[in-house]
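K.L.:
Here is a sequence with its predicted model. Questions after.
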Amino acid sequence: MFLVIYMATVVGNTLIVVLVVADQHLHSPMFFFLGNLSCVETCYTSAIVPQMLASLLTGDRTISVSGCIIQLYFFGSLVATECCLLTAMSYDRYLAICKPLHYLTLMNIRFSFQLAAGCWLNGFLGITIFVLFLSQLIFCGRNEIDYFYCDALPLIELSCSDTHQVILVDFILACVFTLPPFLLTLTSYMCIIATILRIPSTTGRQKAFSTCSSHLIVVTIFYGTLIIVYMLPKRDTLRDLNKVLSLCYTVLTPLVNPLIYSLRNREVKEALRKAFSKCGFLKNMQRL
């Protein structure tokens, strides 16, 4: 089951990246951010699922401390990058709906690249700081992580060093990469909804809601699980719930995102139809 989900995730997200790059009609800031999001999700699910599949297949569930920290670094950096990207996408939709006459001026190609580069840079820089603190810890003897991947707190719990400083850094970074992006995204959508409600025509309101509803679904699922897993107090009663929610945003959310965006977006469906038509044409030419 996990192999099928992983393959579908990689194929779906890679297809969106290819469509955004190849189709001229998708060369806009909205689809540029969508391509970045699909790239991030392909990478961070690949940082976890192949190792998990290998463990399920071989029964060997061992991993070195350095390997565990490397997995945590790439996964954490990519999740932090996604938090920033979702905020950039909400700002893009805010400008498109609330300030349509100034959209092309404000959200130009250069600014889009700067926003995307800032998202990637902030994500990797923030987790680099945490990993530097984490690497100072001492891990003693044979240890077992009660988790399906190397997350921060399960790994910190195995250390025999003083972990108060690392836990504080982890909490601060979780707050920085979760709460401000979530609040900014929420503010953007409050402005968007207020603007949509002022649109006189029913058709215009439906089109605007259709454009933003897919992004809002992704944001709700992603931030909802992150806040519960990383911001709520850590108790034994919540441990199993945290595992289930972690499974949601590490395995299921990257699978659902391309489906949501492709099925609810007219431009993506049109680009997909053209791509399949072109493939069919090439096959016919080869037969001739």
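P.N.:
Arrived safely.

K.L.:
Lowest mean pLDDT among the helices and strands, pick that one out for the protein.
P.N.:
Here the helix or strand of the chain ranked lowest by mean pLDDT, DSSP states H and E is helix 266-287, holding a mean of 63.

K.L.:
tell me which residues in the strand or helix carrying Leu132 are buried?
P.N.:
Of the helices and strands defined by DSSP states H and E, Leu132 is found in helix 109-134. For helix 109-134, a neighbour-count test (16 or more other Cβ atoms under 10 Å) marks 112, 115-116, 119-120, 122-124, 126-127, 130-131, 133-134 as buried. Any C-beta I mention is one placed from the backbone N, CA and C, and that applies to glycine too.

K.L.:
Also stretch 88-108?
P.N.:
Neighbour counts over stretch 88-108 (16+ other Cβ under 10 Å) mark Ala88, Met89, Ser90, Tyr91, Asp92, Arg93, Tyr94, Leu95, Ala96, Ile97, Tyr103, Met107 as buried.

K.L.:
circling back to that earlier point, could you give me the average pLDDT of the helix holding Leu132?
P.N.:
In this model, helix 109-134 has a mean pLDDT of 92.

K.L.:
That helix packs against which elements?
P.N.:
Packed against helix 109-134 by the contact rule (3 or more Cβ pairs under 8 Å, 6 or more residues apart in numbering; DSSP states H and E) you find helix 29-46, helix 65-98, helix 152-156, helix 164-197.

K.L.:
right, so these: which one is the most enclosed?
P.N.:
helix 29-46 (a mean of 23; mean count of other Cβ atoms under 10 Å).

K.L.:
downstream neighbour of it in the secondary structure list?
P.N.:
helix 49-58.

K.L.:
what's that following helix in contact with?
P.N.:
Residues outside helix 49-58 that contact it (Cβ atoms under 8 Å, 6 or more residues apart in numbering): 2-3, 5-6, 9, 60-61, 63, 71, 148-149, 250-251.

K.L.:
can you do 7 Å?
P.N.:
For helix 49-58, contacts defined as Cβ atoms under 7 Å, 6 or more residues apart in numbering pick out Phe2, Leu3, Tyr6, Arg61, Gln71, Phe148, Tyr149, Val251.

K.L.:
Having no further points to raise, I will conclude here.
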